[in-house]
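Trainee: Can you look at this prediction? I've put the sequence above it.
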Amino acid sequence: MSTLPLNTGLFFEDFQPGQKVISAGRTVTEHDIATFAGLSGDFNQIHTDAEFAKATPFGQRIAHGLLGLAIASGLAVQTGVLGANVIAFREVGEWKFVKPVFIGDTIHVEMDVLETKALPRLGGGSVTLGAYVKNQSNETAMKGLWTVLVKVRNP
């Protein structure tokens, strides 16, 4: 039996303020929205009812904001930067939902390393990332700060 290699991601020491990482894109589908509604229990009509959504300022259904955030988190892990070396996703701060994400939009996440702080008692450190979720037109759909705790290479 073969096993896939573990995505360890970067160690705390590998993060430097000023680094930038851009993920691949992912297209948001109607299935994503229906599945997220079932998982979260959020069946708000703006997400699930095309006729209702036509009468809203958006004119169509929009993805749940938290669905966009969840997809962005997954895209961030897929970059290979965040992986098994992440001890915990500690905080989402100053999060703003700037523009709606529509069915068919392709989103990606851009991350900037803003700050690092060693936390020896945890065997790692805190890394603060500026996170920007952008659509296929490079418009920012959501943005904020992510703080992750990351292992050091040799505790």
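Mentor: Right, received. Where do you want to start?

Trainee: where's the nearest residue to Ala131 once chain neighbours are set aside, which helix or strand?
Mentor: Distances taken as CB to CB, 6 or more residues apart in numbering place Trp146 nearest to Ala131, at 4.9 Å, with adjacent residues excluded. Any C-beta I mention is one placed from the backbone N, CA and C, and that applies to glycine too. Assigned by DSSP states H and E, Trp146 belongs to strand 140-151.

Trainee: tell me which residues in that strand are buried?
Mentor: 141-144, 146-151 (16 or more other CB atoms under 10 Å).

Trainee: Likewise for stretch 45-56?
Mentor: Buried, per 16+ other CB under 10 Å, within stretch 45-56: 46-48, 53.

Trainee: same question, stretch 122-135
Mentor: 122, 124-135.

Trainee: before we move on, the earlier item: any chance of the buried residues of stretch 45-56 in TSV, with distance to Arg26 and secondary structure too?
Mentor: Formatted as TSV, the buried residues of stretch 45-56 follow (distance: CB to CB, whole Å; DSSP: H, G, I helix; E, B strand; the rest coil):
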residue	distance to Arg26	secondary structure
Ile46	21	helix
His47	18	helix
Thr48	21	helix
Ala53	22	helix
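
Trainee: what bridges to the residue nearest to Ala131?
Mentor: In this entry, Trp146 is beta-bridged to Val92, Leu129, by DSSP bridges.

Trainee: Wait, it touches Thr128, no?
Mentor: Yes. The pair formed by Trp146 and Thr128 meets the contact definition of CB atoms under 8 Å, at 7.3 Å.

Trainee: ok so Leu75 is a helix residue?
Mentor: Yes. Applying DSSP: H, G, I helix; E, B strand; the rest coil, one finds Leu75 inside a helix.
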